[in-house]
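In: Generate coordinates for the sequence data below:
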Amino acid sequence: MSQRKTLETDEEQLPLRTGLRTRTLSDERLQFCRQIGVSDIFLDHRDPRGDVFADEGSHDDETITIDEGVVPSVSELVQARRRAEDAGLRLMGVQSLSYNVYGKIMLGKEGKETQLETIKELIRNIGQANIPILGYQWNPRGVVPMRTSQSARVRGGARGREFDIDDIDQPYERAPGVEREYTEEELWDNYEQFLEEVLPVAEEAGVQLALHPADPPTVEQLGGIPRLFRNREAFERAMELVPSDNHGLKLCLGCFSEMPETDVTDVIEHFGRNDDIVFVHFRDVLGTWPRFTETFLDDEESNYNALTAIKALRDVGFDGVMVPDHVPEIVGDTEWGHRSRAQAVAYLNGLLSCSDADST
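Out: Residues are numbered from 1 along each chain as shown. Sure, this is the predicted structure:
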């Protein structure tokens, strides 16, 4: 493994803790995060072509824009970090990259060089701004919906997002706009070339890259495009392909929970022992592929026990951030889900206190 260059941050001295993702850095949003017991945030970005993110309605002066050839400057990123710090929060990273920034690289299309340079510049700027993490995913977009329903009923009539393969016509056929067949090994080759290009930049900048699973996972392809990061074995391969201490997982427990016959605790123990977990997406579902519904973290019928997962994270020495990134829609809530996110954070913080007491 290569030697990791770390940013000047006290991250390694911090405890396991909760965080939130937000696209806006408005005073009201930051104050809310701090008031409900959050200490860390990840920043979603706006892109000019309208990708959908967790937040809507933020103003241009309260967020950042990332697109192919469009990268926030170091001064913009420093300003974002300082806005968070002024509210008593840490800006731990940029949550993710949109398909607009990596799609040509993934498929080996013309223009991939421009996208590579965009990502390299973004990594350098994040590093110079003393922001330690850049999340990313390698997920085909536009070929099938990530969820087929936004209003499946969960506890108390709350609305959760659902995926059901039966709701998609010909899911395994080539989708409109997919111009040719792509093989899995072809996409693995493209991914390896991507890592060879960007990981040296991340090491020099002191930035950790964090890979998110395909969502929905499990199947080899949907809409005619292979889905590489659909199971545990694929992540093992990704971590071994171009070894670097600056590369790890955005460990989405919900995605692994969606995978049939997958034990979330075992996944935590495996990747945690190898120090591959950068940060955690803490969500859960009812059911597994090919039909599942996102639900509350404290839903007694969900797939795994959240306290057991937290204890497993502690046991492997993980001391990063847990983000409840998707939450159900509850009565009287805002578009972002203030009430539902507050419930998730309060639950996780309560479990953290319980696991603290158990360890003493």
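In: what's near enough to touch Met239?
Out: Residues near Met239 by C-beta atoms under 8 Å, 6 or more residues apart in numbering: His247, Gly248, Leu249, Phe271, Asn274, Asp276. (Each C-beta comes from the backbone N, C-alpha and C, glycine too.)
In: you'd agree Gly160 is in a strand?
Out: Yes: counting by DSSP: H, G, I helix; E, B strand; the rest coil, Gly160 is part of a strand.
In: so where do the helices sit in the stretch 151-300 of the chain?
Out: 184-205, 232-241, 253-258, 264-273 (DSSP state H, counting those that start in this stretch).
In: ranking the ones you listed by burial, who's on top?
Out: Of all the helices of the stretch 151-300 of the chain, helix 253-258 carries the top mean neighbour count, a mean of 25, counting by mean count of other C-beta atoms under 10 Å.
In: so how far is that helix from its chain's centroid?
Out: When C-alpha coordinates are averaged (C-alpha atoms, centre = their mean, to the nearest Å), helix 253-258 and its chain have centres 12 Å apart.
In: Check stretch 140-157 too.
Out: The chain centroid and the centroid of stretch 140-157 are separated by 17 Å under C-alpha atoms, centre = their mean.
In: Show me the contact partners of it.
Out: By C-beta under 8 Å, 6+ apart, stretch 140-157 touches 99, 103, 106, 159-164, 167-168, 171, 175, 177-178, 214-216, 222-225, 227, 286, 293-296, 299, 328-331.
In: How about stretch 250-258?
Out: With C-beta under 8 Å, 6+ apart, stretch 250-258 has contacts from 96, 135-137, 163, 210-218, 232, 262, 264, 267-268, 271, 277-285, 288-289, 292, 294, 302-304, 309, 325-326.
In: With stretch 183-191 instead?
Out: Outside stretch 183-191, the residues that touch it by C-beta under 8 Å, 6+ apart are 105-108, 138, 220-221, 225-226, 228, 237-238, 241.
In: nearest to Ala346, of the helices of the stretch 151-300 of the chain?
Out: Closest of the helices of the stretch 151-300 of the chain to Ala346 is helix 253-258, at 18.1 Å (criterion: C-beta to C-beta).
In: Show the average pLDDT along the closest one.
Out: Mean pLDDT, computed over helix 253-258, is 97.
In: Among the contacts of stretch 183-191, which one sits closest to Phe42?
Out: Among the contacts of stretch 183-191, Trp138 lies closest to Phe42 (C-beta to C-beta), at 18.1 Å.
In: measure the closest one to Ile165 for me?
Out: Trp138 sits 21 Å away from Ile165, going by C-beta to C-beta, to the nearest Å.
In: Among these two, which residue is more densely surrounded?
Out: Set Trp138 next to Ile165 and count neighbours by other C-beta atoms under 10 Å: Trp138 wins out with 23 against 16.
In: and that one, what is it in contact with?
Out: For Trp138, the contact set (C-beta under 8 Å, 6+ apart) comprises Tyr102, Met106, Tyr191, Leu211, Ala214, Leu228, Phe229.
In: so can I have a markdown table of the residues you listed showing pLDDT and distance to Gln35?
Out: Listed next are the contacts of Trp138 as a markdown table, based on pLDDT from 0 to 100; distance: C-beta to C-beta, whole Å:
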| residue | pLDDT | distance to Gln35 |
| --- | --- | --- |
| Tyr102 | 96 | 35 |
| Met106 | 97 | 40 |
| Tyr191 | 98 | 41 |
| Leu211 | 98 | 32 |
| Ala214 | 92 | 35 |
| Leu228 | 96 | 40 |
| Phe229 | 96 | 35 |
